[in-house]
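In: here is my input; please provide its structure:
(2 chains)
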Number of protein chains: 2
Amino acid sequence: MASPPTPLRAPEHQVAGHQAAEGRLGPLVDGAGLFFKPLQGDGRGDDEVSFYTLLSSLPSSSLPSSSFFPSFHGTRLLPASDGSGPHPHLALEDLVAEFSNPAIVDIKIGSRTWYPQASEDYIRKCFEKDQRTTSASLGFRISGIQIRDGSGAWKPDRGEIRRFSPRDVRIALRRFVSSDPRSDPDRALAAAVYGGADGVLAKLGELKRWFEEQTLFHFNSVSVLVVYERDAGATLGKGKVKVKLVDFAHVVEGKGVIDHNFLGGLCSLIRFISDVLTGLDENCI
Amino acid sequence: MASPPTPLRAPEHQVAGHQAAEGRLGPLVDGAGLFFKPLQGDGRGDDEVSFYTLLSSLPSSSLPSSSFFPSFHGTRLLPASDGSGPHPHLALEDLVAEFSNPAIVDIKIGSRTWYPQASEDYIRKCFEKDQRTTSASLGFRISGIQIRDGSGAWKPDRGEIRRFSPRDVRIALRRFVSSDPRSDPDRALAAAVYGGADGVLAKLGELKRWFEEQTLFHFNSVSVLVVYERDAGATLGKGKVKVKLVDFAHVVEGKGVIDHNFLGGLCSLIRFISDVLTGLDENCI
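Out: Here you go, the predicted structure:
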């Protein structure tokens, strides 16, 4: 557990989850490609370490050919961001390290985020939140979104995002690929980001095919993170659109059954994104 | 609303739902191809009539090319099976009329059978039943099953079926295509019933592709009914394996969103049946 060589700081581009601000415990980055996520104290941190450890041990034939998982670099004891002293952290790939101006959306998949093995209290809280947000109705909800350009940014706060209606979700997925997300969404980047052989839809399709087969894991409360480069000087191209899964604290064994909850929600998301690409979403807004 | 020409009787091969026995209100058949389902009194009957009426008005391009819906022949005022006098009935295709010895399984699809528009009481009841049965864990549950041959029958009662574990479901889907369902399941009929171009898996695959596209309806608490001929003299062949959807009292508008709950459960069922066909289920039993 060696200390990283570069100073640690709160990530600049975090859109969802616990944040290292105002003396709270949150993730850190080293600016050199690593993202340190503090282990949560109620067993969830250990569960996430177990998941990454098990994942690392699987043969590549058990996994999709594209890498949908952040690379895992063990755990590190690091000074906590809240000043409370040394705290164990997961050392993960910093998914936005290579981007100068990443557009990011975090989409939590599944019409239910709870699972039968969880505590009654956890189930009740998740159940209520799934009904209040679009999880129950759409099979997914947006947990965070950020788009910046020269003249400003669109990064709605957590409260605003929680109140997103199905219509708001359609508009957000459209703004996410528009030239100026603050004015009328023009979908100017939809073909480059959502379409094409390396675009979001192709990657989500590969993920879907894996979920139709895999019965190892049930991915409860896991997000799909989509990132692309909005730097004015960059040309959108291969390697610059990322689709990753994040947050594995509630993954449980699949026991020979496919993850029908994740798969259903993923299919719904694919349809929503496909509607933006084809312009069909205009009929629904 | 003319009376049917032949005497009405309780169906011989009903495996799930309300049954016309012991003075209760239940469905009737005329023995000439029609199945009469009494309209339920709390609005559900009217909702099912509305669904069939709307379905009949859709262009064929909106529907899967195979017919997954029983044909609809309007409503009829008929003497109720419970002796309570004239009662309105849906007139539907009798799905087993052409079979001399039908093997039947009724599989209710979806990890949840409730939906946000329903009453609080209905939601609570469904939620609890979904947890007690395999709906929540597998994304579907068996609601009824019947297999008969010369020497006997396997038709577990409702209470036994409700207690089916995931393992029991695997075994039931195997017994369903075995030469003698009462002894060790041999899967002798799996290739003929589940496999092939007109088999159950091919039909469920077509249904899946439709559910990946259609956003007209959400099929809450709807069953897939699978029927095939077990008459000793019959050769299993084209037209003798049926896959139909039944029970549309809780269908609601899709409003541009795919039915991710049905789709996820359907994918799980496809995987279970595929496991029986390939013998992979043996690893899980």
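In: which residues touch the residue nearest to residue A:274 when sequence neighbours are not counted?
Out: Among residues not flanking residue A:274 along the chain, residue A:201 sits closest, at 6.2 Å (C-beta to C-beta, 6 or more residues apart in numbering or on different chains). (C-beta placed from N, C-alpha, C; glycine too.) Going by C-beta atoms under 8 Å, 6 or more residues apart in numbering or on different chains, residue A:201 touches A:194-195, A:270, A:273-274, A:277.
In: where does chain A have its least confident helix or strand?
Out: strand A:152-154 (a mean of 85; mean pLDDT, DSSP states H and E).
In: helices or strands up against that strand?
Out: strand A:140-149 (3 or more C-beta pairs under 8 Å, 6 or more residues apart in numbering or on different chains; DSSP states H and E).
In: could you dump the strand it packs on to CSV, C-alpha only?
Out: Extracted in CSV, the C-alpha atoms of strand A:140-149 (Å, rounded to 0.1, in the frame of the first residue of the first chain):
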residue,chain,number,x,y,z
PHE,A,140,-33.5,3.6,-15.6
ARG,A,141,-32.9,7.1,-14.2
ILE,A,142,-30.3,9.8,-14.8
SER,A,143,-28.2,10.2,-11.6
GLY,A,144,-25.9,12.9,-12.9
ILE,A,145,-25.1,14.9,-16.1
GLN,A,146,-22.5,17.5,-17.0
ILE,A,147,-21.9,19.3,-20.2
ARG,A,148,-19.5,22.3,-20.5
ASP,A,149,-18.4,24.5,-23.3
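In: strand partners of it, parallel vs antiparallel please.
Out: Using DSSP bridges, strand A:140-149 pairs in its sheet with strand A:102-109 (antiparallel), strand A:152-154 (antiparallel).
In: and the ones you listed, which is most packed in?
Out: Highest mean neighbour count among the strands paired with strand A:140-149 (mean count of other C-beta atoms under 10 Å in any protein chain shown): strand A:102-109, with a mean of 24.
In: show me where the stretch 151-285 of chain A has strands.
Out: For the stretch 151-285 of chain A, applying DSSP state E, counting those that start in this stretch gives strands covering A:152-154, A:217-219, A:223-229, A:241-246, A:251-253.
In: now the helices for the stretch 151-285 of chain A?
Out: A:158-162, A:166-175, A:190-193, A:200-213, A:260-278 (DSSP state H, counting those that start in this stretch).
In: looking at these, which is nearest to residue B:109?
Out: When these are ranked by proximity to residue B:109, the top entry is helix A:260-278, at 9.9 Å, counting by C-beta to C-beta.
In: quick check: angle from that closest one to strand A:140-149?
Out: 40 degrees (axes from the mean of the first three to the mean of the last three C-alpha atoms, to 10 degrees).
In: CA-only coordinates of helix A:260-278 in CSV, if you can.
Out: Presented in CSV, the C-alpha positions along helix A:260-278 are these (Å, rounded to 0.1, in the frame of the first residue of the first chain):
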residue,chain,number,x,y,z
HIS,A,260,-33.6,-9.5,-16.1
ASN,A,261,-33.9,-6.2,-14.1
PHE,A,262,-30.8,-4.7,-15.6
LEU,A,263,-31.4,-6.2,-19.0
GLY,A,264,-35.0,-4.7,-19.2
GLY,A,265,-33.8,-1.3,-18.2
LEU,A,266,-30.8,-1.4,-20.6
CYS,A,267,-33.2,-2.2,-23.5
SER,A,268,-35.3,0.8,-22.5
LEU,A,269,-32.3,3.1,-22.4
ILE,A,270,-31.2,1.7,-25.8
ARG,A,271,-34.6,2.6,-27.2
PHE,A,272,-34.5,6.1,-25.7
ILE,A,273,-31.0,6.8,-27.2
SER,A,274,-32.1,5.3,-30.5
ASP,A,275,-35.1,7.6,-30.5
VAL,A,276,-32.7,10.6,-30.2
LEU,A,277,-30.6,9.4,-33.0
THR,A,278,-33.5,8.8,-35.4
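In: elements contacting it?
Out: Using 3+ C-beta pairs under 8 Å, 6+ apart, helix A:260-278 is in contact with strand A:102-109, helix A:135-138, strand A:140-149, helix A:166-175, helix A:190-193, helix A:200-213, strand A:217-219, helix B:260-278.
In: what's the next secondary structure element after the first one?
Out: Where DSSP states H and E defines the elements, the next helix or strand beyond strand A:102-109 is helix A:120-132.
In: in that following helix, which residues are buried?
Out: A:122-123, A:126-127, A:129-130 (16 or more other C-beta atoms under 10 Å in any protein chain shown).
In: cool, stretch A:258-276 as well?
Out: Neighbour count says stretch A:258-276 has A:258-276 buried, by 16+ other C-beta under 10 Å.
In: what's the answer for stretch A:156-174, then?
Out: A:156, A:161, A:164, A:166, A:168-174.
In: what do you get for stretch A:34-44?
Out: So for stretch A:34-44, counting by 16+ other C-beta under 10 Å, buried means A:34-39.
In: pull the distance from it to the chain's centre.
Out: 16 Å (C-alpha atoms, centre = their mean, to the nearest Å).
In: with only the CA atoms kept, save it in PDB.
Out: The C-alpha coordinates for stretch A:34-44 follow below in PDB (Å, rounded to 0.1, in the frame of the first residue of the first chain):
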ATOM      1  CA  LEU A  34      -6.200   6.700 -10.800                       C
ATOM      2  CA  PHE A  35      -9.500   7.300  -9.000                       C
ATOM      3  CA  PHE A  36      -9.600   6.500  -5.300                       C
ATOM      4  CA  LYS A  37     -13.000   5.600  -3.900                       C
ATOM      5  CA  PRO A  38     -13.300   5.400  -0.100                       C
ATOM      6  CA  LEU A  39     -14.600   2.100   1.100                       C
ATOM      7  CA  GLN A  40     -18.100   2.600   2.500                       C
ATOM      8  CA  GLY A  41     -18.300   1.400   6.100                       C
ATOM      9  CA  ASP A  42     -21.400  -0.800   6.200                       C
ATOM     10  CA  GLY A  43     -20.000  -3.700   4.300                       C
ATOM     11  CA  ARG A  44     -20.700  -2.200   0.900                       C
END
